[in-house]
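Visitor: Prediction below, plus the sequence it came from.
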Amino acid sequence: MKDDFRTRTATSRRQVLLTALAATATTSLPMLASARSKQEAKLAPAEPLGAAAAASTLVAKDGTPIYYKDWGSGPVVTFSHGWPLNSDAWDGQMLFLVQNGFRVVAHDRRGHGRSGQASSGNDMDTYADDLATVIEALDLKDATLVGHSTGGGEVARYIGRHGTGRVAKAVLVSAVPPIMLRTSANPEGLPIEVFDGIRAGVARNRADFYKEFAIAFYGANRAGSTISKGTLDQFWLWSMQVGIKNAYECVKAFSETDFTEDLKKINVPTLLLHGEDDQIVPVNDSARKAEKLIPDARAIYYPGAPHGVTATHQDQVNADLLAFIKA
C-alpha cells in the first residue's frame with residue numbers, strides 16, 4: 001500500500017510539474033517570439049540608402065548579386081580591386097579617406113568575395129557594367145574612380161563604355177592597361193605561357209598557387225622585404241573566396257583585353273601610381289605606356305615597390321591619393 005501511495009504521489013507531482021511547464025511555455029513562447037521578432041527587425045538589412053548603408057547588395061543586369069561597401073559622406077571615391085581579391089583590399093585607403101572627409105564606395109567584383117559566383121559575365125565589359133550598376137544605383141556624381149591592377153582595367157573600360165558624365169577624376173594603381181599580353185602590336189608584353197601557367201595553377205591547386213602568387217605580389221622574394229606573414233595570409237584568405245571558374249576566366253579578361261582605345265577616351269585628370277619593381281604587371285608595358293595614351297595624365301613611380309603597393313607603401317599611396325583628389 002505504501003508503494004502504491006508513493007507511486008501515485010510521484011505521478012501526481014509529475015503531472016503538476018508538466019502542467020506548470022506547459023502553462024509557462026504557452027505564456028512565455030509568444031513573448032519570446034515577439035521579442036525575437038523585434039530583435040530580428042532591428043537586425044534585418046535595410047533597403048540601400050546610399051551613404052547611410054554601411055554594406056549592402058545590388059543586383060546586376062543579369063541578376064548577379066554585387067556586394068558593396070558605402071562609408072562616410074562628402075566627395076565620392078570608388079574603388080575597384082585587383083585579381084583575385086575583393087573590396088577589403090582597399091580598407092587601408094578607404095578608412096584613411098573617410099577620416100579625411102570623403103565618401104568611399106567599393107564593391108566585390110562578380111565571382112569574388114561576397115558577390116555572386118556567376119557562371120557568365122567574367123569579362124571586362126561585364127565588370128565595367130557592374131561598376132556602372134553600382135554608380136547609377138547609388139546615384140554617384142563627380143566621383144573619383146580608383147582601380148588597382150584588374151580594377152584599373154575595369155575603370156578604363158567603364159569610361160570607354162559609359163563615359164565620364166559621373167566621373168571627376170581617375171586613378172590607376174599598378175593597373176593592367178593598355179594590354180598585358182604579348183602580341184605583334186605589343187611585343188613588350190608577357191607571353192601567353194605566363195597566363196596559361198596562372199590558369200593551370202588555379203585549376204590544379206589554387207590553395208597552394210595563391211600562397212606562391214602572394215610572394216611575388218608583395219615582393220616578399222626581394223632582399224630587404226618587410227612584408228608580414230599576416231599580410232600574406234590575408235591575401236590567401238581573400239583569394240580563396242573567389243569562385244574557381246570566376247578566377248580562371250578572369251585571367252583572360254585582365255591579360256588579353258586591349259584598353260588602348262579606352263585610355264584615349266579618359267578626358268578627366270588621371271593619376272597613375274605604379275611600383276617600379278612590379279613582378280605581376282611590369283611597369284614599362286603598363287603605366288609608362290598608359291601615361292602617353294591618356295590626354296591628361298600624371299604618374300608617380302615608386303622605386304623598388306611591388307605590385308601590392310597599396311599595402312607595402314600604404315602611407316605614401318594614401319598621401320598621393322589624397323593630394324590628387326583634393327587638387
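Guide: That came through fine.
Visitor: ok, residue 141 - how many residues close by?
Guide: 12 (other Cβ atoms under 10 Å). No exception for glycine: its C-beta is placed from N, CA and C like everyone else's.
Visitor: That one is in what secondary structure piece?
Guide: Assigned by DSSP states H and E, residue 141 belongs to no helix or strand.
Visitor: which residues does it contact?
Guide: 76, 166 (Cβ atoms under 8 Å, 6 or more residues apart in numbering).
Visitor: Likewise for residue 222?
Guide: Contact partners of residue 222, counting by Cβ under 8 Å, 6+ apart, are 277, 304, 306.
Visitor: helix, strand or coil for the second one?
Guide: Okay, so that is residue 304. coil (DSSP: H, G, I helix; E, B strand; the rest coil).
Visitor: how much space between it and residue 316?
Guide: Relative to residue 316, residue 304 is positioned 12 Å away (Cβ to Cβ, to the nearest Å).
Visitor: just for this structure, where's the confidence low?
Guide: Where the chain drops to pLDDT under 70, the residues are 1-55.
Visitor: which stretches of it form strands?
Guide: 55-59, 65-71, 76-80, 103-107, 143-148, 167-173, 270-275, 297-302 (DSSP state E).
Visitor: Take these and write them to CSV, including distance to residue 264 and mean neighbour count.
Guide: Output for the strands of the chain, formatted as CSV (distance: least, Cβ to Cβ, whole Å; neighbours: other Cβ atoms under 10 Å):
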stretch, distance to residue 264, mean neighbour count
strand 55-59, 30, 16
strand 65-71, 28, 21
strand 76-80, 20, 27
strand 103-107, 26, 25
strand 143-148, 17, 27
strand 167-173, 13, 25
strand 270-275, 12, 24
strand 297-302, 11, 16
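Visitor: want to throw these into TSV with distance to residue 190?
Guide: What follows is these, written out as TSV (distance: least, Cβ to Cβ, whole Å):
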stretch	distance to residue 190
strand 55-59	34
strand 65-71	30
strand 76-80	22
strand 103-107	28
strand 143-148	18
strand 167-173	18
strand 270-275	16
strand 297-302	19
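Visitor: out of those, nearest to residue 201?
Guide: Closest to residue 201 of these is strand 143-148 (Cβ to Cβ; 20.9 Å).
Visitor: That closest one pairs with which strands?
Guide: strand 76-80 (parallel), strand 167-173 (parallel) (DSSP bridges).
Visitor: Residue 323: how many residues sit nearby?
Guide: If you count neighbours by other Cβ under 10 Å, residue 323 ends up with 11.
Visitor: how far away is it from residue 75?
Guide: Distance, residue 323 to residue 75, by Cβ to Cβ: 14 Å.
Visitor: who wins for proximity to residue 204 among the strands of the chain?
Guide: strand 143-148 (26.3 Å).
Visitor: For that closest one, what is the distance to the chain centroid?
Guide: 12 Å (Cα atoms, centre = their mean, to the nearest Å).
Visitor: what does it contact?
Guide: Under the criterion Cβ under 8 Å, 6+ apart, residues 75-82, 89-90, 93, 105, 131, 135, 153-156, 158-159, 166-175, 310, 321, 325 lie in contact with strand 143-148.
Visitor: Can you get me the start-to-end distance on stretch 114-129?
Guide: With Cα to Cα, to the nearest Å as the measure, the ends of stretch 114-129 fall 18 Å from one another.
Visitor: repeat for stretch 305-319
Guide: With Cα to Cα as the measure, stretch 305-319 spans 16 Å from end to end.
Visitor: ok, of the contacts of residue 222, which come out buried?
Guide: Among the contacts of residue 222, the ones that count as buried by 16 or more other Cβ atoms under 10 Å are residue 306.
Visitor: between the contacts of residue 222, which is closest to residue 139?
Guide: residue 306 (36.7 Å).
Visitor: Leaving out chain neighbours, which residue sits closest to the closest one?
Guide: Nearest residue to residue 306, sequence neighbours excluded (Cβ to Cβ, 6 or more residues apart in numbering): residue 219, at 3.1 Å.
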